[in-house]
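Asker: Return a 3D structure for these sequence lines:
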Amino acid sequence: MTSHITELTKYLKYVFNDFFVIALLFFIGALAFAYGNLLQHLSGGQPWEQGVILLGLVGGLQLGNLATLIQAPDQVFLAPQEFAFPSYLKRAYWYSYALSGCIQLLIWFVLLPFVSLSLGFQSLQLKELLLLMLVLKGGLLDFQVGQLYLARPLTTIARISGAWLLPFGITAVAVLGWPLVSLLLGCGYLAGVLYWSRERSVALNWKWLVRTESRRMQRLYQIFALFTDVPTLPARPRRRRWADSWLRWLQQDQAHLYLNLYFRSFVRNSTESDLYVRVIFLGTIILLCLSNQLMAIIIAWLLIYMTGVQLTPFAGYFRQNSLLQIYPVTGAEQAQNFHQFYVSLIGIEIILFSLATWWGTSSLWSGAVTLAGGLLLLFGLIKTVVRHQLNKNRRETYAD
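Answerer: All right, here's what the predicted structure looks like:
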């Protein structure tokens, strides 16, 4: 636990840097302003309002999974002590429930005025809704604990039914105006999950335990990878034949050797390319739906910054490949090729976000500010973060 918290603290200091905190404050302020305007126009009792509340509550229940902190080598050492493992899982459960409970409390607090105005809930009903969220979250975590003792993993339909459909139906009863009935149903759901988990097999399913924890940490590392290099995030190369035709425009000569390598490795590296495409896709959709100019510009700059930081460690992608060290290519040519690779990807993002901001806000001025600020941000990243990364790679190469 101590090493896990230390590791998270190490990455969080890169996530909550000065630039991100300032941008986050502006974003929260703009979002709160837009949320306040939305509350003023609520009429109450509309189906779409009930749908938003239901999706917000059910989606919030899925945030925060069981954290066991078990790694693959632990099976060898912990298997002889499996009889004592339930006590460890109990501590892991309460640790996960404490974090998840804070998330549920935050979601409830954010939705509090929306629920009050839309559904007309009073103080007692709002408290019942909060208790319902905490009870359902406890049931979901117990559902995950019970799966660890199954000889075979549950089918997809069974997992969706237990983790999504049942909480959805129970929460829908509360949104329709019967929070107390929904709370009683939630207690029944929790009791049923506890009874089901008590009837589980005695043997612990180590493969499922390691797999689920590995997936949970991978999702967490992917968030950290938006801000800094994460060595524990493994690369999964994948051949994408459709991209070959798009890469033919690259010059095939010695001076552009690393430019070809960077682009082809980036396309085949699912960790880096998937994050890049995901940020651009989601960012474009969000900007197209935003009409607030200030919020749209800040979000666009923030996403550009995160993508730029995410791509920076890719400069040292080939440092451990000893065969590339014998190529007749100087370090200056490699750095120049990485600059071209870096500017191309960030430039595409800047153009798309500028057009999306222009379209979403119906303001050419907003699109121009996004474009100008994005270019200045790109210049600053190249002069600071990218230069530092290239110098670091050069020192490590000489040290090797």
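
Asker: The strand or helix carrying Ser96 packs against which elements?
Answerer: Ser96 is part of helix 85-119, with elements assigned from DSSP states H and E. Under the contact criterion of 3 or more CB pairs under 8 Å, 6 or more residues apart in numbering; DSSP states H and E, helix 85-119 touches helix 18-40, helix 47-61, helix 123-147. Every residue, glycine included, has its C-beta placed from N, CA and C.

Asker: Using JSON lines, lay out those helices together with mean pLDDT and distance to Tyr342.
Answerer: Shown next, in JSON lines, are the helices and strands packed on helix 85-119 (pLDDT from 0 to 100; distance: least, CB to CB, whole Å):
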{"stretch": "helix 18-40", "mean pLDDT": "75", "distance to Tyr342": "18"}
{"stretch": "helix 47-61", "mean pLDDT": "93", "distance to Tyr342": "35"}
{"stretch": "helix 123-147", "mean pLDDT": "94", "distance to Tyr342": "41"}
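
Asker: Most tightly packed of those helices?
Answerer: helix 123-147 (a mean of 20; mean count of other CB atoms under 10 Å).

Asker: Helix 47-61 and that one, what's the angle between them?
Answerer: Helix 123-147 and helix 47-61 meet at an angle of 40 degrees, taking axes from the mean of the first three to the mean of the last three CA atoms, to 10 degrees as the criterion.

Asker: Against which helices or strands is helix 123-147 packed?
Answerer: helix 47-61, helix 85-119, helix 166-175, helix 179-198, helix 206-224.

Asker: Check what pLDDT the residue positioned nearest the centre of the chain gets.
Answerer: The centre of the chain sits closest to Ile223, judged by CA atoms, centre = their mean, with a distance of 4.7 Å. pLDDT for Ile223: 74.

Asker: Domain map for the chain?
Answerer: Under the assignment automatic domain parsing, the domains of the chain span 42-224, 241-399.

Asker: Can you list the low-confidence ranges for the stretch 251-400 of the chain?
Answerer: For the stretch 251-400 of the chain, the stretches flagged by pLDDT under 70 are 253-255, 270-271, 319-329, 396-400.

Asker: Enumerate the positions of stretch 346-356 that are buried.
Answerer: Ile346, Glu349, Ile350, Leu352, Phe353, Ser354, Leu355, Ala356 (16 or more other CB atoms under 10 Å).

Asker: Tabulate the helices and strands packed on helix 85-119 (CSV), appending distance to Leu89.
Answerer: Formatted as CSV, these follow (distance: least, CB to CB, whole Å):
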stretch, distance to Leu89
helix 18-40, 35
helix 47-61, 21
helix 123-147, 6
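
Asker: Any idea which of those helices gets closest to Leu378?
Answerer: helix 18-40 (13.8 Å; CB to CB).

Asker: The closest one - contacts with which helices or strands?
Answerer: Secondary elements touching helix 18-40 (3+ CB pairs under 8 Å, 6+ apart): helix 85-119, helix 293-311.

Asker: Now the element after the shortest one, going C-ward?
Answerer: Stepping forward along the backbone from helix 293-311, the first helix or strand reached (DSSP H and E) is helix 331-361.

Asker: That next one to helix 293-311, inter-axis angle?
Answerer: 160 degrees.

Asker: Ignoring the adjacent residues along the chain, who's closest to Phe26?
Answerer: Ile298 (4.8 Å; CB to CB, 6 or more residues apart in numbering).

Asker: before we move on, back to that, quick one, which of the helices and strands packed on helix 85-119 is nearest to Arg91?
Answerer: Short answer: helix 123-147, nearest of the helices and strands packed on helix 85-119 by CB to CB, at 11.8 Å.

Asker: What is the distance between the closest one and the centre of its chain?
Answerer: Counting by CA atoms, centre = their mean, to the nearest Å, helix 123-147 is centred 23 Å from the centre of its parent chain.

Asker: Ile5 is nearest to which of the helices and strands packed on helix 123-147?
Answerer: helix 85-119 (10.5 Å).

Asker: State the mean pLDDT of the closest one.
Answerer: 92.

Asker: roughly how far is that helix from the heart of the chain?
Answerer: Per CA atoms, centre = their mean, the centroid offset for helix 85-119 relative to its chain is 18 Å.

Asker: hang on, the earlier thing: quick check: angle from the helix holding Ser96 to helix 47-61?
Answerer: 160 degrees.

Asker: Return the set of buried residues in helix 85-119.
Answerer: Residues of helix 85-119 classed as buried by neighbour count (16+ other CB under 10 Å): 85, 89, 92-93, 95-97, 100-101, 104, 107-108, 111, 114-119.

Asker: what's the answer for stretch 269-289, then?
Answerer: Asn269, Thr271, Glu272, Ser273, Leu275, Tyr276, Val279, Ile280, Gly283, Thr284, Ile286, Leu287.

Asker: Return the member of those nearest to Ala315.
Answerer: Glu272 (11.8 Å).

Asker: correct me, but Gln389 touches Leu311?
Answerer: No. Between Gln389 and Leu311 there is no contact under CB atoms under 8 Å: 9.8 Å.

Asker: Overlap in contacts, these two.
Answerer: Shared contacts of Gln389 and Leu311 (CB atoms under 8 Å, 6 or more residues apart in numbering): none.
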